[in-house]
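Trainee: Sequence isn't available, so here's the structure alone:
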């Protein structure tokens, strides 16, 4: 009875946040759009397209998995270091803006090198270096919500962050899908570089960040040590459990996105799988914007945990029909539902993390939080790529069916891992009109 009542309260309280508040936090998170456009287009459309042309056809999933596994592993190591350097950085432009703009500029260099790759290993190195420079900007960007949003508005701020990122993914997928479908991938590279530079300049010019006293860049790097990459798990147990839940959820959710293009190519024999993959993911991510914004509003009233669990259950249920009855048009419908659930889960758990991060260490702890998402992406790419090729060799599309069913189970497993929220967080939600 209590669970049913909570679900009714959740649905009853769904509404968009106030316009001015939403506008403020969309502008705060504006760099999330280009950054997500980069990796949404690159990881999902461009990398499979490029790798397929550099390796034997029967091993494309294995090599793609290797590329993404190592690149995301580099991201896992880079972000805590970058976050620690940003937290202690000193400049008249603040702690975050220099990293965001500098990263955007360097991203363009390594995008070009990736495009020039004449064999797999050249692409491998360029992709790894792109992960290094991009994650310095991402670490600084991720700290903006705890730096600039009060706790009682972090649900809306996190929803706006997720909406910008999902919107960026739409653009990245669309750009990558269009240009690869006409075999002009350099058009996609150029568009992504322009978006990154525009986003970095927008943050640098529009964000009112005060000057910061701290260390120069290289002094901050030299100060980093082994402890930079770890934290006291017992003292931050709720933070740890939210990371665990995000890891399980995104291990399943993101892995399906990574291999969607190859799934469409092998299962449906499409002449232009890049365009279809982009179309399905664009639909899912457009709906995901709505899910993120609605979830961002709801979590400030009803709490983070309830919204995240509701989203995980919905996503897990709707994955099963895709595995059992793989149908192109069914995937379009279910993709929209999965996008809504994915956006809601990401926004609600991001707000949860913001509540649990120690003050003054937001960039480093969000860098550590990347262990969950990048780690899930790396493990999923490495393991599932090999699994798909092996099972597909045994039985037609068995590998893809197994991936989807395993993903559904992983989403369910994330439910009990989410911790209960701090009482004070729920009490503040009650003060602004939340239900019981």
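Mentor: That came through fine. Here the structure is a predicted model, which means the values were calculated and not measured.
Trainee: buried ones in stretch 393-404?
Mentor: 399-404 (16 or more other C-beta atoms under 10 Å). Using the backbone N, CA and C atoms, a C-beta is placed for each residue, glycine as well.
Trainee: any chance of these in JSON lines, with pLDDT too?
Mentor: Output for the buried residues of stretch 393-404, formatted as JSON lines (pLDDT from 0 to 100):
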{"residue": "399", "pLDDT": "89"}
{"residue": "400", "pLDDT": "90"}
{"residue": "401", "pLDDT": "91"}
{"residue": "402", "pLDDT": "92"}
{"residue": "403", "pLDDT": "92"}
{"residue": "404", "pLDDT": "91"}
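Trainee: Please narrow the residues you listed to those residing in helices.
Mentor: 399-404 (DSSP state H).
Trainee: Measure how buried the closest residue to residue 420 other than its chain neighbours is and give me the count.
Mentor: What sits nearest to residue 420 in space, not counting adjacent residues and going by C-beta to C-beta, 6 or more residues apart in numbering, is residue 305, at 6.6 Å. Neighbour count of residue 305, defined by other C-beta atoms under 10 Å: 21.
Trainee: One more: residue 30?
Mentor: With other C-beta under 10 Å as criterion, residue 30 counts 23.
Trainee: Chain neighbours aside, what residue packs nearest to it?
Mentor: residue 202 (5.4 Å).
Trainee: In which helix or strand does the one you found reside?
Mentor: Using DSSP states H and E, residue 202 maps to helix 185-206.
Trainee: Point out where the stretch 251-400 of the chain drops to low pLDDT.
Mentor: Scanning the stretch 251-400 of the chain with the threshold set as pLDDT under 70 gives 296-297.
Trainee: secondary structure element for the residue nearest to the spatial centre of the chain?
Mentor: With distances taken as C-alpha atoms, centre = their mean, residue 373 lies nearest the centre of the chain, 6.7 Å away. Per DSSP H and E, residue 373 falls inside helix 362-394.
Trainee: and that helix, which residues are buried?
Mentor: 362-389, 391-392.
Trainee: if we can go back for a sec, OK, contacts around the residue nearest to residue 420?
Mentor: 348, 352, 418-421 (C-beta atoms under 8 Å, 6 or more residues apart in numbering).
Trainee: Between the two ends of stretch 352-372, how far is it?
Mentor: Terminal residues of stretch 352-372 lie 14 Å apart, using C-alpha to C-alpha, to the nearest Å.
Trainee: Helices along the stretch 201-350 of the chain, start to end?
Mentor: In the stretch 201-350 of the chain, the helices defined using DSSP state H, counting those that start in this stretch lie at 217-223, 237-258, 260-268, 273-302, 304-324, 328-356.
Trainee: can you tell which of those helices is closest to residue 76?
Mentor: helix 237-258 (11.3 Å; C-beta to C-beta).
Trainee: Work out the gap between the closest one and the centre of the chain.
Mentor: Centroid separation between helix 237-258 and its chain, computed with C-alpha atoms, centre = their mean, to the nearest Å, is 10 Å.
Trainee: what does stretch 357-372 give?
Mentor: Worked out by C-alpha atoms, centre = their mean, stretch 357-372 lies 15 Å from the chain centre.
Trainee: hmm, who's touching that stretch?
Mentor: Against stretch 357-372 from outside (C-beta under 8 Å, 6+ apart): 75-76, 78-84, 86-87, 95-96, 135, 138-140, 142-143, 146-147, 228-231, 236, 239, 243-244, 246-247, 250, 353-354.
Trainee: Report the buried members of those.
Mentor: 75-76, 78-84, 86-87, 95-96, 135, 138-140, 142-143, 146-147, 228-229, 231, 236, 239, 243-244, 246-247, 250, 353-354.
Trainee: so when I look at residue 359, I'm seeing a strand, right?
Mentor: No: using DSSP: H, G, I helix; E, B strand; the rest coil, the assignment for residue 359 is coil, not a strand.
Trainee: Quick one: mean pLDDT over whichever helix or strand residue 168 is part of.
Mentor: Per DSSP H and E, residue 168 falls inside helix 154-181. The predicted model gives helix 154-181 an average pLDDT of 84.
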